[in-house]
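Enquirer: Need the 3D shape of this:
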Amino acid sequence: MTMDDLAEKGLVLLGCGKMGSAMLQGWLAGGLPSASVWVNDPNPSDWLRGTGVHLNTDLPAQPAIVLVAVKPQMMGAALPTLAAMGNGTTLFVSVAAGTPISSFEQTLGTQTPIIRAMPNTPAAVARGITAIIGNAHASAAHLDLAETLLRAVGQVVRLDHEDQMDAVTGLSGSGPAYVFHMIECMTQAGIAQGLSPALSLQLAQATVAGAGALAEAAEETPAQLRQNVTSPNGTTQAGLEVLMNTDTGLPPLMQKTVAAAADRSRELRNG
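Expert: As a prediction, this is how the structure comes out:
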């Protein structure tokens, strides 16, 4: 299955909130004809209305792909409407957090090709990272197509086992919130040292964003980059001695943070 097949047979997008809109914007910019896209969304934005896609109309009987982007709590009502497409040639891709592949198989049929994906919120600015895993009926071509579609909003990685989704959820799925809180904390620390709130926020945001971009672009490891800016007995070393304390610093705190989120993901999965 290729992007040409997609254009010919059609793509159905179930749910078009922030994540769905970001993906759709990427696909249309990448050349997917709007006439090949069907979107079902109860509260379409003005932007969506102006894209030229088929909006809240009858769906094709066997589209190439259905991308499920509704909130998990809406899944129970949304999925049964697509059950007739199951056990066929239509590939289902879900970006709904916490809904396992087995849940889709129960509604759509066990012969349905299904791919579960976990993106994160920087997808809204095409800087996300998405982890994907397919069921037994998702072929290599299916995974390639899903990866091509999801690259519209950032990087894509493939998992070996669905159980890894809990760790992905704890690290990259929930991770943007950890970084946002770090920006909040850095901002407050700057204010405490005499900076104005606006200036401190600007410095914190730019520092985190710039360091992240450098970490991705540089050939050196993050550890080496850290060492590069740490002069012996200098200011950075003084700060790192607090942050890197193995008892009270960031290492044990980050371990506990990611573990708590991953454990909660497992709890939700197991009911």
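
Enquirer: Let me know how buried the closest residue to residue 197 other than its chain neighbours is, in neighbour terms.
Expert: Nearest non-adjacent residue to residue 197, counting by C-beta to C-beta, 6 or more residues apart in numbering: residue 191, 5.7 Å away. (C-beta placed from N, C-alpha, C; glycine too.) Using other C-beta atoms under 10 Å, residue 191 has 16 other residues around it.

Enquirer: check which helix or strand covers residue 191.
Expert: helix 175-192 (DSSP states H and E).

Enquirer: how about the strands in the stretch 151-271 of the chain?
Expert: 154-158 (DSSP state E, counting those that start in this stretch).

Enquirer: pLDDT below threshold where in it?
Expert: Applying pLDDT under 70 to the stretch 151-271 of the chain flags residues 271.

Enquirer: Helices of that one, residue ranges please.
Expert: 165-168, 175-192, 197-217, 222-228, 235-243, 250-269 (DSSP state H, counting those that start in this stretch).

Enquirer: Could you export the ones you listed as TSV, including distance to residue 102?
Expert: TSV is the format used below for the helices of the stretch 151-271 of the chain (distance: least, C-beta to C-beta, whole Å):
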stretch	distance to residue 102
helix 165-168	12
helix 175-192	26
helix 197-217	35
helix 222-228	36
helix 235-243	41
helix 250-269	10
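
Enquirer: winner for burial among the ones you listed?
Expert: When you average the neighbours per residue for each of the helices of the stretch 151-271 of the chain (mean count of other C-beta atoms under 10 Å), helix 165-168 leads with a mean of 22.

Enquirer: Just the C-alphas of that one, formatted as CSV.
Expert: Taking C-alpha atoms only, helix 165-168 is exported to CSV below (Å, rounded to 0.1, in the frame of the first residue of the first chain):
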residue,chain,number,x,y,z
MET,A,165,4.0,1.7,25.0
ASP,A,166,3.7,2.2,28.8
ALA,A,167,7.4,3.3,29.0
VAL,A,168,6.9,5.4,25.8
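
Enquirer: Show me what that helix is packed up against.
Expert: strand 114-118, strand 128-134, helix 250-269 (3 or more C-beta pairs under 8 Å, 6 or more residues apart in numbering; DSSP states H and E).

Enquirer: just so I know, which of the ones you listed lies nearest residue 48?
Expert: Taking C-beta to C-beta, strand 128-134 is the member of those nearest to residue 48, at 19.6 Å.

Enquirer: partners of the closest one in the sheet?
Expert: Take DSSP bridges as the rule and strand 128-134 pairs in its sheet with strand 114-118 (antiparallel), strand 154-158 (parallel).

Enquirer: what pLDDT, on average, does it get?
Expert: Strand 128-134 shows a mean pLDDT of 97 in the predicted model.

Enquirer: for that strand, the distance to its chain's centre please.
Expert: On the basis of C-alpha atoms, centre = their mean, to the nearest Å, strand 128-134 sits 7 Å off its chain's mean C-alpha point.

Enquirer: send the alpha carbons of the helix or strand following that strand over as PDB?
Expert: Proceeding N to C from strand 128-134, the next assigned helix or strand is helix 140-150, under DSSP H and E. Extracted C-alpha coordinates of helix 140-150, given in PDB (Å, rounded to 0.1, in the frame of the first residue of the first chain):
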ATOM      1  CA  ALA A 140       5.600  -4.100   6.500                       C
ATOM      2  CA  ALA A 141       3.900  -2.000   3.800                       C
ATOM      3  CA  HIS A 142       1.200  -1.000   6.400                       C
ATOM      4  CA  LEU A 143       3.900   0.100   8.800                       C
ATOM      5  CA  ASP A 144       5.700   2.000   6.100                       C
ATOM      6  CA  LEU A 145       2.600   3.800   5.200                       C
ATOM      7  CA  ALA A 146       1.700   4.700   8.800                       C
ATOM      8  CA  GLU A 147       5.300   6.000   9.300                       C
ATOM      9  CA  THR A 148       5.000   8.100   6.200                       C
ATOM     10  CA  LEU A 149       1.800   9.600   7.400                       C
ATOM     11  CA  LEU A 150       3.000  10.200  11.000                       C
END
